[in-house]
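Colleague: Take this sequence and fold it.
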Amino acid sequence: MRLAVVIPLFNHEAFIARTLESVLAQSRPAHRIIVIDDGSTDKSLAIARSFTPRGIEVIPQENLGVATTVRNLLALASTDCDLIATLDSDDTLHPDRFEKTLPVFEQDPDARLLVTGVRLIDSQDQPLPENHPRRRWVEAVWSRWQGADTDLLSWLGQANFAISNSNFIARREFFATHPTKPYRFSYDYHLLIQAALEDSLRVVPEPLLDYRIHGGNTMNTQPAPVMREQLRLWLDLHHDLAPQLATQPALREKFYRLLRSSWHNVSSLHAGLLQLLLAQCAARQSPESLAALTSSLDETHWPELTRYPNASALNLSHRSSPLSPEAGAVTEKIDSLRHQRDEARAQAAAHRELARLRQHMLASRRITAARTLGLGRDLASDRGKSPQEKLDSLHSALSQHWWSRHLIPPATSPTGTLAAISSSGTASE
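Modeller: You can find the predicted model right below:
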């Protein structure tokens with residue numbers, strides 16, 4: 001897989017050389033390293049150009065802002081590279097960052113965006129003191145990591161644990177289908193949330209990125225601009241996801257987890273203000289339209305209406321102790337675990353039926369004869385990610401040919417899993 005590293009550069013003459021040296025020192029080298037200087041007024045461009053004999057591409061442009069610069073970089077890298085790593089011009093990479101992360105993409109086709117652990121350093125490349133507030137914050141956030149069992153959505157709701165877009169390595173298709181928003185502080189957070197909602201975010205917890213804290217950091221600002229942008233980000237999420245949320249119960253379940261955890265965030269989202277802004281949006285609708293909106297929810301498309309949301313809380317109460325204020329969060333976790341259990345059972349059943357169906361195909365004289373004639377190649381495909389999707393794909397392929405339809409069971413379960421083929425007898429007619 002070809003890898004490009006893209007670096008937007010603006011007035012970082014003190015750091016750009018160290019940044020570029022860290023990329024060149026990788027044990028698994030990048031195929032392209034592209035720098036766009038966004039109209040720097042210091043010596044940044046000259047320093048970057050001194051690296052061109054070592055294979056680094058340096059492109060100057062007038063000052064257009066970081067969002068436009070990043071879009072230009074992604075467009076350049078996407079022409080011939082499969083993976084793209086974004087890196088700010090004041091941060092540095094550990095020498096084995098790509099060696100330890102690129103195998104994830106090679107082994108997991110569903111991985112589309114990857115981040116790693118982060119170490120905070122000062123302007124002299126030294127780790128921040130243990131009592132530094134930013135270091136304490138990062139370490140507190142990363143204390144949530146619990147391996148593969150970590151709920152990335154709930155974790156993201158609490159904080160942007162990736163810290164920076166310098167931490168991003170992604171397939172070029174991810175950047176193409178998830179254009180960056182014109183945010184100043186938070187466009188990386190927006191992309192992380194989207195990847196987590198799509199189950200395509202992966203985390204390597206080892207700290208393989210040095211994120212630099214210095215007087216020129218963009219985030220060193222008054223709270224209000226950052227908080228306003230966070231509110232805009234969350235409103236954008238509601239707006240952009242609304243059509244999908246209306247039709248995809250599984251996505252809604254993920255979004256609920258994200259929202260619930262956001263109320264306990266340790267970042268810059270004021271969840272109360274977000275609710276007030278949503279109230280302002282509702283105030284622009286007539287009472288009749290609001291009534292019609294709620295009346296349009298039916299149990300068929302909104303199964304959430306079929307049971308009270310915190311019914312499991314009844315099992316958490318006892319005469320000798322009052323109901324815990326955290327009961328809602330606990331019951332949501334219980335419901336989530338039940339959903340995961342049911343999904344795992346359904347996928348296991350689909351896997352068994354898929355194996356059984358393939359055995360019957362091998363024993364079928366009709367299918368053997370068809371394959372001898374060069375027919376039925378679609379029956380050998382392995383389309384789909386999950387066992388259920390693979391099973392549905394095979395079911396569809398079987399239905400396309402008269403000589404294979406006899407293997408299709410007469411009925412399917414509510415989840416789409418084929419009924420047990422063993423009940424239909426042998427297929428070696």
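Colleague: What are the boundaries of the strands in this protein?
Modeller: Under the criterion DSSP state E, strands of the chain are mapped to 3-9, 32-38, 57-61, 83-86, 92-93, 113-121, 169-171, 201-212.
Colleague: Indicate which one of those strands is closest to Leu156.
Modeller: For Leu156, the closest of the strands of the chain is strand 201-212, at 8.4 Å, according to C-beta to C-beta. Just so you know, the C-beta spots here come from the backbone N, C-alpha and C atoms, and that holds for glycine as well.
Colleague: tell me the phi and psi of Ser296?
Modeller: phi -70, psi -10 (degrees, to the nearest 10).
Colleague: tally of neighbours for it?
Modeller: 10 (other C-beta atoms under 10 Å).
Colleague: residue ranges with poor pLDDT in the chain?
Modeller: Counting by pLDDT under 70, the chain contains low-confidence ranges at 216-221, 310-336, 411-429.
Colleague: May I see the strands of the chain arranged in CSV, with distance to Glu343 and mean neighbour count as well?
Modeller: Output for those, formatted as CSV (distance: least, C-beta to C-beta, whole Å; neighbours: other C-beta atoms under 10 Å):
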stretch, distance to Glu343, mean neighbour count
strand 3-9, 34, 26
strand 32-38, 40, 23
strand 57-61, 46, 16
strand 83-86, 30, 25
strand 92-93, 37, 24
strand 113-121, 23, 22
strand 169-171, 25, 24
strand 201-212, 19, 20
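Colleague: Mind checking these for the one nearest to Gln158?
Modeller: Among these, if distance is taken as C-beta to C-beta, the winner is strand 201-212, at 14.4 Å.
Colleague: distance of Gln146 from Val203?
Modeller: 11 Å (C-beta to C-beta, to the nearest Å).
Colleague: ditto for Pro243
Modeller: Applying C-beta to C-beta, the value for Pro243 to Val203 is 29 Å.
Colleague: got it, and Tyr211?
Modeller: For Tyr211 relative to Val203 (C-beta to C-beta), the value is 16 Å.
Colleague: longest helix anywhere in this structure?
Modeller: helix 327-363 (DSSP state H).
Colleague: so what secondary structure elements neighbour that helix?
Modeller: Applying 3 or more C-beta pairs under 8 Å, 6 or more residues apart in numbering; DSSP states H and E, one finds that helix 327-363 makes contact with helix 249-262, helix 387-398.
Colleague: Next, the angle from it to helix 249-262.
Modeller: Angle between the axes of helix 327-363 and helix 249-262 is 150 degrees (criterion: axes from the mean of the first three to the mean of the last three C-alpha atoms, to 10 degrees).
Colleague: hang on, isn't Ile7 packed against Ile34?
Modeller: Yes. Assessed by C-beta atoms under 8 Å, Ile7 is found in contact with Ile34 at 7.0 Å.
Colleague: Show me the common contact partners of these two, please.
Modeller: Leu73 (C-beta atoms under 8 Å, 6 or more residues apart in numbering).
Colleague: Who are the contact partners of the residue nearest to Ala17 when sequence neighbours are not counted?
Modeller: Excluding the flanking residues, the one nearest Ala17 by C-beta to C-beta, 6 or more residues apart in numbering is Ile47, at 5.5 Å. By C-beta under 8 Å, 6+ apart, the contact set of Ile47 is 13, 16-17.
Colleague: and of those residues, the nearest to Ser78?
Modeller: Ile16 (23.3 Å).
Colleague: I figured the closest one hits Asp91, correct?
Modeller: No. Counting by C-beta under 8 Å, Ile16 does not reach Asp91; the two are 10.6 Å apart.
Colleague: neighbour count winner among those two?
Modeller: Each of Ile16 and Asp91 has its neighbours counted (other C-beta under 10 Å); Ile16 has more, 27 against 23.
Colleague: Now for that one: which residues touch it?
Modeller: Counting by C-beta under 8 Å, 6+ apart, Ile16 touches 9, 35, 44, 47-48, 89-90.
Colleague: what bridges to the closest residue to Ile59 other than its chain neighbours?
Modeller: Distance criterion C-beta to C-beta, 6+ apart; nearest residue to Ile59, sequence neighbours excluded, is Ile36 at 4.8 Å. Taking DSSP bridges as the rule, Ile36 bridges to Pro8, Ile59.
Colleague: count of neighbours near Asp236?
Modeller: 14.
Colleague: now do Cys281
Modeller: 11.
Colleague: How about the contacts made by it?
Modeller: Per C-beta under 8 Å, 6+ apart, neighbours of Cys281: Leu235.
Colleague: And it, how far from Ser289?
Modeller: 12 Å.
Colleague: Also Ala77?
Modeller: For Ala77, the distance to Ser289 - C-beta to C-beta - is 45 Å.
Colleague: ok, now Ser381?
Modeller: Separation of Ser381 from Ser289 (C-beta to C-beta): 47 Å.
Colleague: before we move on, what about Arg377?
Modeller: From Arg377 over to Ser289 (counting by C-beta to C-beta), the distance is 53 Å.
Colleague: again, but for His31
Modeller: In this view, His31 and Ser289 are 54 Å apart by C-beta to C-beta.
Colleague: higher neighbour count, these two?
Modeller: Higher neighbour count among His31 and Ser289: His31, with 15 against 10, using other C-beta under 10 Å.
Colleague: residues in contact with that one?
Modeller: Taking C-beta under 8 Å, 6+ apart, we find His31 in contact with 2-4, 81.
Colleague: quick one: which two of those are the most distant?
Modeller: Maximum distance among the contacts of His31 (C-beta to C-beta): 7.1 Å, for Arg2 and Ala4.
Colleague: what sits in contact with each of these two?
Modeller: Residues touching both Arg2 and Ala4 (C-beta under 8 Å, 6+ apart) are 31-32, 81, 83.
Colleague: Could you provide the helices and strands packed on helix 327-363 in a markdown table, with additional columns for mean neighbour count and distance to Ala140?
Modeller: Shown next, in a markdown table, are the helices and strands packed on helix 327-363 (neighbours: other C-beta atoms under 10 Å; distance: least, C-beta to C-beta, whole Å):
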| stretch | mean neighbour count | distance to Ala140 |
| --- | --- | --- |
| helix 249-262 | 17 | 15 |
| helix 387-398 | 19 | 39 |
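Colleague: Just put those in TSV and tack on distance to Pro133.
Modeller: Converted to TSV, the helices and strands packed on helix 327-363 look like this (distance: least, C-beta to C-beta, whole Å):
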stretch	distance to Pro133
helix 249-262	22
helix 387-398	47
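Colleague: Sounds good, over and out.
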